[in-house]
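Chemist: here is a sequence together with a model predicted from it:
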Amino acid sequence: MRYPPVNPKCPHLLHGGDWNPDQWRDVPGILDEDFRLMDLAHANAMSVGIFAWSALEPEEGRYDFGWLDEVMDRLAKTGKFAVLATPSGARPAWMAQTYPEVLRVDAEGRRQHFGERHNHCFTSPVYRAKTREMNRRLAERYRAHPALLLWHVSNEFNGECHCPLCREAFRDWLKARYGSLGALNAAWWTSFWSHAYSDWSQVEPPSPIGENTVHGLKLDWKRFVTAQTIGFFENEAAPLREVTPDVPITTNFMGTFPGLDYFRFAEHVDVVSWDNYPFWHSPAGDAAIGALTGFLHDLNRSLKGGKPFLLMESTPSVTNWHGVPKLKRPGMHLLSSLQAVAHGSDSVQYFQWRKSRGSSEKLHGAVVDHVGTEDTRVFRDVAEVGAALAGLDAVVGTGVRPEVALLYDWENRWALDDAQGLNNAHKDYDATILKHYEAFWSRGVPVDVVSEDGDFSTYRLLVAPMLYMVRPGVAERIEAFVAAGGTFVATYWSGFVGESDLCFLGGFPGPLRRVLGIWDEESDALYDEDEGHVKVAAMGKTYAVKHACDLIRAETAEALATYDADFYAGRPALTANRFGQGRAYFIAFRNNQDFESDFYGDLVAELGLLRALDVELPAGVTAQMRTDGETDFVFVMNFTAEVKAVALPEGTRYGEAPLGAVRAAVVDAASPVAGTLSLAPYGVRVLTRAHAGR
Ligand code: GLA
Ligand code: ZN
């Protein structure tokens, strides 16, 4: 079983990136050079027009598509494709001058000046009309163009606007959600600090100079910002869908960007794409960054239920906005590029193709440097990736099919961020999710990321760290999952609040109490200096407690470990509850050692969970797999600066997928491979085998 390619016009992995020929229209020869270099780099898909509004409509109503016609025609003539952007990410100066309402108003009520980008109101009828008009013209002009592959709507939607139009839209959104002011007051618990509203017009968005304590309001504002951003996106997409119904639409996401619930947004795009700028070679260590990046790729694949996504931006070299813009060490460019493919990307795209001469991104990494030739280390790295991707057509459209789901939920994170009274200094939702993820990544166990609204039933293990908010119906679906034989893992700080951020009455973890078989009575917070003060002995080892631990009572659950100190010595720290055919674990404490690794290591073995390679992997090495159900592609990746060896499992025949130019350099044995696989520093090898697993 395979997913179709993003567009049947191009059944290959995409390679290319953000290209701004509009910046170079006055410089002779640049376009010719760009096309010559694209061929050398094996580029087949270029993103154009992303910030080109002032080039496309230099004055209101005067359009100039000539330069873009030439770009599109030459792409088509040379067998390449356009990821064609709509230019709403930055508006021209004339528009801001003529229609100030298109500019954003900040949370303190200040209308922003013209400048920057992504600085527009999502509600403004003028901006919506202008973007619709521009998009219709683009769609009508290029509807039949052979180069048109994919629509790239706007760029990295983010931020919020507090203008009068947006505030009114927020009130309308609330009216639709609650029906009456009474229902809103109840949901938001506004009797607190005399906040009850007697008229809709009194409701204002959160602001540093206004409301910040009504958690239900803050949560609903964030939900509204997601809804309004999607509304703006839909307004842009409407003419595209109408005029070019066969051309898929995407917009580029930003990992775990806190401001938008991407699970909701993903329902509106045809294909998910995202921009990835990891801090390789930073003090965090490449293995940790590798795991984080693996998680982010898995998240993006999971946003549309496992469908391949696109890596829309990555840097070929440095990222200019990093505090320490570090060069990628030899090997890292290929490794980080193929890592995206390993987790389900059908592309490796860059920001940027050619460095601009001026302004803030002139020193950002690019395929083509100011020197202008192919004789650079970075260009060779990029060409190497291009050659590798060109040899991996068979990977296009393959899936991943994990047995493990990790629950990551934006609304949960928003609610947790607002909570005051748990360890305020260390909420660490993302970092905690990652710790749990790493236990699987380091064993090569494929993982999907699901929200509370996800379908759990196709998995064998569901891990839900810090599930503080439990929305209606979620506990019931978790119960059904466990009753049917699934294994569920929850932790401290779970089941505290419902969808309006009101605490559950009658004992935490609220609706999860039955399936977990515990009552979470109190939460203790630990100073950093307290570290190691309380310990938990489990699985033959002792683990220190860090930041937080909950004092629970085992009801139907069995205690697998207890605290060893303080007034709660002897109380359960880890429990397991049989529920129907399955089991639910509760980890009551955060730890600073490798508890997660040991705990999940045991679970992976006990449940016999699918691993990309069924062997022990050296530290810093992971294996990830894609499959069409017949052939598996196993990506073995070394996120360390040392040579590593991986003993391949016996009894399975492995072949090796060619990696273009790289192959000669890294691979010592000809296909088929067996025995011990050697990985160069930051090395990656792609193995093939007959499908194993589901
Ligand atoms: C973002 C933007 C790009 C560019 C890069 C630089 O991802 O979408 O336009 O600014 O950052 O890293
Ligand atoms: Zn606004």
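Modeler: Alright, I've got the coordinates. Numbers count the residues shown, from 1 in each chain. Ligands and ions are numbered 1, 2, ... in the order given.
Chemist: longest helix anywhere in the chain?
Modeler: When secondary structure is assigned using DSSP state H, the longest helix within the chain turns out to be helix 215-243.
Chemist: what residues sit buried inside that helix?
Modeler: Judged by neighbour count using 16 or more other C-beta atoms under 10 Å, the buried positions of helix 215-243 are 215-233, 235-237, 239-240, 243. Backbone N, C-alpha and C define where each C-beta goes, glycine included.
Chemist: repeat for stretch 48-62
Modeler: Within stretch 48-62, the residues that qualify as buried by neighbour count (16+ other C-beta under 10 Å) are 48, 49, 50, 51, 52, 53, 54, 55, 56, 57.
Chemist: ok so, going back, tell me if the longest helix of the chain is near ligand 2.
Modeler: No: no part of helix 215-243 sits close enough to ligand 2 to count as contact by C-beta under 5 Å from the ion; the gap is at least 8.6 Å.
Chemist: report the contact partners of the closest residue to ligand 1 within the stretch 101-250 of the chain.
Modeler: Ranking the residues of the stretch 101-250 of the chain by distance to ligand 1 (C-beta to the nearest ligand atom) places residue 156 first, at 4.5 Å. Applying C-beta atoms under 8 Å, 6 or more residues apart in numbering to residue 156 gives the contacts 89, 118, 252, 253, 254, 275.
Chemist: and if we set it to 7 Å?
Modeler: 118, 252, 254, 275 (C-beta atoms under 7 Å, 6 or more residues apart in numbering).
Chemist: inside strands: which ones of these?
Modeler: Residues of the contacts of residue 156 located in strands (DSSP state E): 252, 275.
Chemist: of the contacts of residue 156, buried ones?
Modeler: 252, 254, 275.
Chemist: mind checking pLDDT for the last one?
Modeler: To tie it back to what came earlier, the one meant is residue 275. In this model, residue 275 is scored at 98, pLDDT.
Chemist: where's it relative to residue 195, distance?
Modeler: 39 Å (C-beta to C-beta, to the nearest Å).
Chemist: then the second one?
Modeler: Residue 254 is 33 Å from residue 195, where distance means C-beta to C-beta.
Chemist: ditto for residue 615
Modeler: The gap separating residue 615 from residue 195 is 59 Å, by C-beta to C-beta.
Chemist: if we can go back for a sec, for the residue of the stretch 101-250 of the chain closest to ligand 1, helix, strand, or coil?
Modeler: Classification of residue 156 by DSSP: H, G, I helix; E, B strand; the rest coil places it in coil.
Chemist: distance of it from residue 313?
Modeler: Per C-beta to C-beta, residue 156 is found 9 Å from residue 313.
Chemist: before we move on, back to that, okay, the residue of the stretch 101-250 of the chain closest to ligand 1: pLDDT?
Modeler: On pLDDT, residue 156 comes in at 98.
Chemist: equivalent analysis for residue 462, please.
Modeler: If you check residue 462, the pLDDT there is 99.
Chemist: do I have it right that it meets residue 405?
Modeler: Yes: in terms of C-beta atoms under 7 Å, residue 462 counts as a neighbour of residue 405; the distance is 5.1 Å.
Chemist: C-terminal to the least confident helix or strand in the chain by mean pLDDT, what's the next element?
Modeler: Taking mean pLDDT, DSSP states H and E as the measure, the helix or strand of the chain with the lowest value is helix 660-666, at a mean of 45. Helices and strands here follow DSSP states H and E; after helix 660-666, the next one along the chain is strand 676-679.
Chemist: which residues are in contact with the following helix or strand past that following strand?
Modeler: Scanning forward in sequence from strand 676-679, with DSSP H and E defining helices and strands, the next element found is strand 684-690. Residues from elsewhere that reach strand 684-690 (C-beta under 7 Å, 6+ apart): 334-335, 338, 631-637, 652-657, 659, 666-667, 673, 677, 679.
Chemist: same question for stretch 329-344.
Modeler: 13, 276, 278, 280-281, 293-294, 297-298, 301, 308-309, 311, 314, 316, 348, 381, 384-385, 388, 392, 395, 400, 624, 626, 635, 637, 641, 662, 680-684.
Chemist: so where's the chain shaky on pLDDT?
Modeler: In the prediction, the chain carries residues with pLDDT under 70 at positions 660-672, 693-694.
Chemist: any idea how it splits into domains?
Modeler: Domain assignment for the chain, taken from automatic domain parsing, gives 404-607, 621-690.
Chemist: in CSV: those, plus distance to residue 164 and mean neighbour count.
Modeler: Listed next are the domains of the chain as CSV, based on distance: least, C-beta to C-beta, whole Å; neighbours: other C-beta atoms under 10 Å:
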stretch, distance to residue 164, mean neighbour count
domain 404-607, 25, 20
domain 621-690, 49, 18
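Chemist: adding distance to ligand 1, write those domains out as CSV.
Modeler: Rendered in CSV, the data for the domains of the chain read as follows (distance: least, C-beta to the nearest ligand atom, whole Å):
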stretch, distance to ligand 1
domain 404-607, 19
domain 621-690, 21
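Chemist: residue 173: which of these is closest?
Modeler: Within the domains of the chain, the stretch nearest residue 173 is domain 404-607; the backing value is 14.8 Å (C-beta to C-beta).
Chemist: any idea how far that closest one is from the middle of the chain?
Modeler: From the chain centre to the centre of domain 404-607 is a distance of 22 Å (C-alpha atoms, centre = their mean, to the nearest Å).
Chemist: in which helix or strand does the residue nearest to residue 5 when sequence neighbours are not counted reside?
Modeler: Computed as C-beta to C-beta, 6 or more residues apart in numbering, the closest residue to residue 5 that is not its neighbour in sequence is residue 11, at 4.8 Å. Using DSSP H and E, residue 11 maps to neither a helix nor a strand.
Chemist: what's the answer for the one 5 residues further on, then?
Modeler: For residue 16, the host element (DSSP H and E) is strand 14-19.
Chemist: what angle separates the next helix or strand after that strand from strand 14-19?
Modeler: Toward the C-terminus, strand 14-19 is succeeded by helix 30-40 as the next helix or strand (DSSP H and E). For helix 30-40 against strand 14-19, the angle by axes from the mean of the first three to the mean of the last three C-alpha atoms, to 10 degrees is 160 degrees.
Chemist: buried ones in helix 30-40?
Modeler: Using 16+ other C-beta under 10 Å as the test for burial, helix 30-40 gives 30, 31, 33, 34, 35, 37, 38.
Chemist: before we move on, what about stretch 247-262?
Modeler: Applying 16+ other C-beta under 10 Å to stretch 247-262 flags 247-256, 260-262 as buried.
Chemist: thinking again about what came up before, overlap in contacts, residue 462 and residue 405.
Modeler: Overlap between the neighbourhoods of residue 462 and residue 405 consists of residue 456, taking contacts as C-beta under 7 Å, 6+ apart.
Chemist: out of the contacts of stretch 329-344, list just those in strands.
Modeler: Mapping these onto strands (DSSP E) picks out 311, 348, 624, 626, 635, 637, 684.
Chemist: my read: the fourth one touches residue 396, true?
Modeler: Just to be clear, that refers to residue 626. No: contact between residue 626 and residue 396 fails when scored by C-beta under 7 Å: they sit 9.7 Å apart.
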